[in-house]
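1. below are the sequence and a predicted model for it; my questions follow.
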Amino acid sequence: MRIGAHVDPAEPLAEAAARGADLIQFFLTDPQAWTDPKDRADAEAIRTAEIDVYVHAPYRINVASSNNRIRIPSRKLLFSHAAGAAQVGAKGLIVHGGHVEKADGLDAGFDNWRKTFAYAAEQGGFATPVLIENTAGGDNACARRFDNLARLWDAIGDYEVGFCLDTCHAHAGGEDLLDIVDRVKAITGRIDLIHANNSRDGFDSGRDRHDNMTSGEIDPELIVAVIRAAGAPALVETPGGAEGQGADINYLRERLA
Ligand SMILES: [Zn+2]
């Protein structure tokens, strides 16, 4: 089982070494900004490194939105980050499922997702495989509750699209972690990556606050069981820097061995 961490983008290979990570994820830009990635001087070093690399897209991206002034720049940003992620040899570009402004807008939101992948397919596909991640909060989210996730996949499942399962988001979003892997795979057919996070908040709280393995509201053995059942690489997006994340990685490795 390959286990890693979300790290600071300044020196991601050094951060990986400091944690003993098999894989890393990082942002190419400020995650709160509408900024295209710049060329990185260390792109070749990252691309040729032993560790596997994933890139997390900016939080701003919401291709489901009915608002043109959000949806269109979101789509552009997703494309530019897929290109930037390819430069560092990323195996996946993780993007949140997004949301719509009103509950009755969900069908249009799923169709906006479909149009994004249809447009990408016309251009020869995304430069990096896109992995849609489940989210924790909001009433009109495309990928919080799995009834909506199923409707999303009805719209986009014919395209090449992957899935990233976040354990904190599932718990806080109101989806039980027991047998979650089977329930996800019944919808998406695949889990490409696990975001292995504990949660500072309770079940169905709708709050997105990650915690270290042994200090959150989720029984950490349940997180281990999810990774084992999925058989997918996992990375922690937890607090505490190299020390806190390194302890989380060790906790998971010991139990998955
Ligand atoms: Zn996550």
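-> Nice, I can see it. Everything numeric here is computed off the predicted structure, so don't read it as measured data. Numbering: from 1, shown residues only.
2. every contact and neighbour count from this point should use C-alpha atoms.
-> Noted.
3. the longest helix anywhere in the chain - what's its average pLDDT?
-> If you go by DSSP state H, the chain has its longest helix at helix 68-87. Mean pLDDT, computed over helix 68-87, is 97.
4. strands paired with the strand or helix carrying residue 235, and their directions?
-> Assigned by DSSP states H and E, residue 235 belongs to strand 234-236. Here strand 234-236 has these sheet partners by DSSP bridges: strand 3-6 (parallel), strand 193-195 (parallel).
5. could I get the ones you listed as JSON lines with distance to residue 24 and mean neighbour count?
-> Converted to JSON lines, the strands paired with strand 234-236 look like this (distance: least, CA to CA, whole Å; neighbours: other CA atoms under 10 Å):
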{"stretch": "strand 3-6", "distance to residue 24": "5", "mean neighbour count": "28"}
{"stretch": "strand 193-195", "distance to residue 24": "11", "mean neighbour count": "24"}
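6. what's the closest of those to residue 47?
-> Residue 47 sits nearest to strand 3-6 of all the strands paired with strand 234-236, at 16.4 Å, using CA to CA.
7. which SSE is immediately downstream of the strand holding residue 235?
-> Note on strand 234-236: by DSSP H and E, the next helix or strand toward the C-terminus is helix 241-256.
8. and that next one, which residues are buried?
-> Buried positions in helix 241-256, judged by neighbour count with 16 or more other CA atoms under 10 Å: 241-242, 244-252.
9. can I get those in JSON lines including pLDDT and distance to residue 115?
-> Formatted as JSON lines, the buried residues of helix 241-256 follow (pLDDT from 0 to 100; distance: CA to CA, whole Å):
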{"residue": "241", "pLDDT": "97", "distance to residue 115": "38"}
{"residue": "242", "pLDDT": "98", "distance to residue 115": "40"}
{"residue": "244", "pLDDT": "98", "distance to residue 115": "40"}
{"residue": "245", "pLDDT": "98", "distance to residue 115": "38"}
{"residue": "246", "pLDDT": "98", "distance to residue 115": "40"}
{"residue": "247", "pLDDT": "98", "distance to residue 115": "42"}
{"residue": "248", "pLDDT": "98", "distance to residue 115": "39"}
{"residue": "249", "pLDDT": "98", "distance to residue 115": "38"}
{"residue": "250", "pLDDT": "98", "distance to residue 115": "42"}
{"residue": "251", "pLDDT": "98", "distance to residue 115": "41"}
{"residue": "252", "pLDDT": "98", "distance to residue 115": "38"}
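10. turn those residues into JSON lines, columns for distance to residue 159.
-> JSON lines is the format used below for the buried residues of helix 241-256 (distance: CA to CA, whole Å):
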{"residue": "241", "distance to residue 159": "37"}
{"residue": "242", "distance to residue 159": "37"}
{"residue": "244", "distance to residue 159": "38"}
{"residue": "245", "distance to residue 159": "34"}
{"residue": "246", "distance to residue 159": "36"}
{"residue": "247", "distance to residue 159": "38"}
{"residue": "248", "distance to residue 159": "34"}
{"residue": "249", "distance to residue 159": "33"}
{"residue": "250", "distance to residue 159": "36"}
{"residue": "251", "distance to residue 159": "36"}
{"residue": "252", "distance to residue 159": "33"}
